[in-house]
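Colleague: Sharing a sequence plus its predicted fold:
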Number of protein chains: 2
Amino acid sequence: MAPAEESTKFEAYPMKSGDGPNSYAKNSTYQRGIVDIAKEILHKEIAERLDIEIFLSSNTFHIADLGCSVGPSTFFAVQNILEAVELKSQSQGLNSQISEFQVFFNDHTPNDFNMLFKSLPQNRRYYAAGVPGSFYGRLFPKASIHFFHASFCLHWLSRAPKEVSDKNSSAWNKGRIHYLNSREEVVEAYEAQHGEDMECFLHARAQEIVCGGLMLLIVPGLPHGASHSHTEAKGSHEVVGSCLMDMARKGIVS
Amino acid sequence: MAPAEESTKFEAYPMKSGDGPNSYAKNSTYQRGIVDIAKEILHKEIAERLDIEIFLSSNTFHIADLGCSVGPSTFFAVQNILEAVELKSQSQGLNSQISEFQVFFNDHTPNDFNMLFKSLPQNRRYYAAGVPGSFYGRLFPKASIHFFHASFCLHWLSRAPKEVSDKNSSAWNKGRIHYLNSREEVVEAYEAQHGEDMECFLHARAQEIVCGGLMLLIVPGLPHGASHSHTEAKGSHEVVGSCLMDMARKGIVS
């Protein structure tokens, strides 16, 4: 399938653009915190698992941050990866092998890339590029990325499951935005959509990653055996869902 | 020098953003015409000069369009390059060698990349990326681009020569935006700036281009021996310059 066809079949609702008081850039300390928490694991895994053959076969190390939004969390994540790769390279006595880094910042096409580019760190030590499109499709040429990073974004499905908005379906969700406190059929519809999406995601990355490369995927989850309805995010999902339903009734959103 | 340091020392005045009636996207038929005129030369040069070793050493062909603005001209240029490379590959019996294309669209950081990404052709057969920064500095890792394209943009200097805005200099240009009908010292100041800029441009590209790759640079020029003041663009430069000086006097621009 051609690159463009793969990346245009998904729904795209990017984070709030710009750098105003309601923007993602000004309201993503939680996401930044996740990047900070993951730093230790990131360093450990790169030190233990990154194939040193990579350093011998390429002068440039390619990093892709999927679902990067507009920053600033993505810049901290990329910096952590870069430092960990340099440490690994040095620990192998290969200081001179990796001379340059190229970083691909990816998000949906309507993401505010203008804001992202404007806020790129002045002192960065990498070549930056923006890549528009859904990470549930192909984004990069074959075997071209050494390290994929996706933090707190894979819980965004490619689309709402069709059944949940079908009044004639047993999985109809009565206009709600989530499966919390819904019947089992609704939960199963979301599960099926997530399964389908993850298959697309992994299929695309399998083609794009360099042999010996790594992926770090940070995905919110539930402890084994916990009920779907006992997530910590339950309260906020219900409030946001209720607001959206009110706004839809008033015709403010559709 | 680090990538970011190189790309932030230049002045950046991108083309008019968006797709409104005054936008570059709606007012660039002249630039599109240049791309059309260059198509024949492009095909001929790629057929004759592109090193077929490139096809044997990489599965992906990397194209960069420098000074791409927001489209649509850049998309036609890229399509022309892609078709010419495919023809060359086929003519060498190497149909299966180049399987994928990756295209880097470059312009100043404040360029409207959001608009560019939104208007990417739906049926494109390449992976697209945007690269923010001045083409007078480094933009890409070493030996990473097979074909550079820069159409009708290298006449934009990295900055106005310092002397022309210095009242104490013999090259002071009295607030005008161009060297037309100016004294020889002004012309020399512009020439020196262009020379310095081109050295930076070629130095950067020399590091970034793959061995055996090609560059197509389309630059407006004058017939040998013609006076600087007899360019066809003289009229429009004088009108625009006069308007800008009026606007500066009124404090609308600075």
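Modeller: In hand now; what should we look at?
Colleague: Mind giving me the packing neighbours of the longest helix seen in chain A?
Modeller: Longest helix in chain A by number of residues (criterion: DSSP state H): helix A:184-208. Packing contacts for helix A:184-208, counted by 3 or more CB pairs under 8 Å, 6 or more residues apart in numbering or on different chains; DSSP states H and E, involve strand A:145-151. C-beta coordinates here come from the backbone N, C-alpha and C atoms, glycine included.
Colleague: residues in contact with the strand it packs on?
Modeller: Residues from elsewhere that reach strand A:145-151, judged by CB atoms under 8 Å, 6 or more residues apart in numbering or on different chains: A:31, A:34-35, A:38, A:46, A:50, A:54, A:58, A:61-67, A:73, A:77-78, A:81, A:85, A:104, A:135, A:205, A:208-210, A:213-218.
Colleague: buried subset of these?
Modeller: A:31, A:35, A:38, A:46, A:50, A:54, A:58, A:61-67, A:73, A:77-78, A:81, A:85, A:104, A:135, A:205, A:208-210, A:213-218 (16 or more other CB atoms under 10 Å in any protein chain shown).
Colleague: follow-up on the earlier one: show only the entries of the contacts of strand A:145-151 found in strands.
Modeller: Among the contacts of strand A:145-151, the members found in strands (DSSP state E) are A:61-66, A:104, A:209-210, A:213-218.
Colleague: What about chain B: which of these touch it?
Modeller: residue A:104 (CB under 8 Å from any CB of the partner chain).
Colleague: List, one by one, the residues from chain A near chain B.
Modeller: Neighbours of chain B within chain A, by CB under 8 Å from any CB: A:2-5, A:8, A:59-60, A:99-102, A:104, A:109-110, A:112-114, A:117-118, A:120-133, A:138-144.
Colleague: filter the residues you listed to the buried ones?
Modeller: Going by neighbour count (16+ other CB under 10 Å), the residues of chain A next to chain B have A:3-4, A:60, A:100-102, A:104, A:109, A:112-114, A:117, A:120, A:124-133, A:138-141, A:144 buried.
Colleague: and the gap between residue A:246 and residue A:239?
Modeller: 11 Å (CB to CB, to the nearest Å).
Colleague: Help me confirm that residue A:61 comes into contact with residue A:88.
Modeller: No - Residue A:61 is not in contact with residue A:88 according to CB atoms under 8 Å; the separation is 10.3 Å.
Colleague: how near is residue A:47 to chain B?
Modeller: 24 Å (CB to the nearest CB, to the nearest Å).
Colleague: Disregarding residues adjacent in the polypeptide, which is nearest to that residue?
Modeller: residue A:88 (5.5 Å; CB to CB, 6 or more residues apart in numbering or on different chains).
Colleague: Can you list the buried residues in the longest helix of chain A?
Modeller: Using 16+ other CB under 10 Å as the test for burial, helix A:184-208 gives A:186, A:187, A:189, A:190, A:193, A:194, A:197, A:200, A:201, A:204, A:205, A:208.
Colleague: how far away is the first one from residue A:228?
Modeller: Taking CB to CB as the measure, residue A:186 falls 10 Å from residue A:228.
Colleague: Check the third one too.
Modeller: Applying CB to CB, one obtains 12 Å for the distance of residue A:189 from residue A:228.
Colleague: Helices of the stretch 1-150 of chain A, residue ranges please.
Modeller: A:3-7, A:29-49, A:53-57, A:73-91, A:113-118 (DSSP state H, counting those that start in this stretch).
Colleague: which of those helices has the lowest average pLDDT?
Modeller: Sorting the helices of the stretch 1-150 of chain A by mean pLDDT places helix A:3-7 lowest, at a mean of 52.
Colleague: List the contacts of residue A:244.
Modeller: Residue A:244 makes contacts with A:177, A:253, as judged by CB under 8 Å, 6+ apart.
Colleague: Would you mind listing the buried residues in the helix or strand encompassing it?
Modeller: Counting by DSSP states H and E, the element that carries residue A:244 is helix A:234-249. Residues of helix A:234-249 classed as buried by neighbour count (16+ other CB under 10 Å): A:237, A:241.
Colleague: and that helix, how far from the chain's centre?
Modeller: In terms of CA atoms, centre = their mean, to the nearest Å, the centre of helix A:234-249 is found 23 Å from the chain centre.
Colleague: May I have that helix as PDB, with CA atoms only?
Modeller: Provided in PDB are the C-alpha atoms of helix A:234-249 (Å, rounded to 0.1, in the frame of the first residue of the first chain):
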ATOM      1  CA  LYS A 234     -12.500   7.100  36.200                       C
ATOM      2  CA  GLY A 235     -13.500  10.500  37.700                       C
ATOM      3  CA  SER A 236     -11.900  12.700  35.000                       C
ATOM      4  CA  HIS A 237     -13.300  10.500  32.200                       C
ATOM      5  CA  GLU A 238     -16.800  10.800  33.600                       C
ATOM      6  CA  VAL A 239     -16.600  14.600  34.000                       C
ATOM      7  CA  VAL A 240     -15.100  15.100  30.500                       C
ATOM      8  CA  GLY A 241     -17.600  12.700  29.000                       C
ATOM      9  CA  SER A 242     -20.500  14.400  30.700                       C
ATOM     10  CA  CYS A 243     -19.300  17.900  29.500                       C
ATOM     11  CA  LEU A 244     -18.900  16.700  25.900                       C
ATOM     12  CA  MET A 245     -22.400  15.200  25.900                       C
ATOM     13  CA  ASP A 246     -23.800  18.500  27.200                       C
ATOM     14  CA  MET A 247     -21.800  20.400  24.500                       C
ATOM     15  CA  ALA A 248     -23.000  18.000  21.800                       C
ATOM     16  CA  ARG A 249     -26.600  18.500  22.900                       C
END
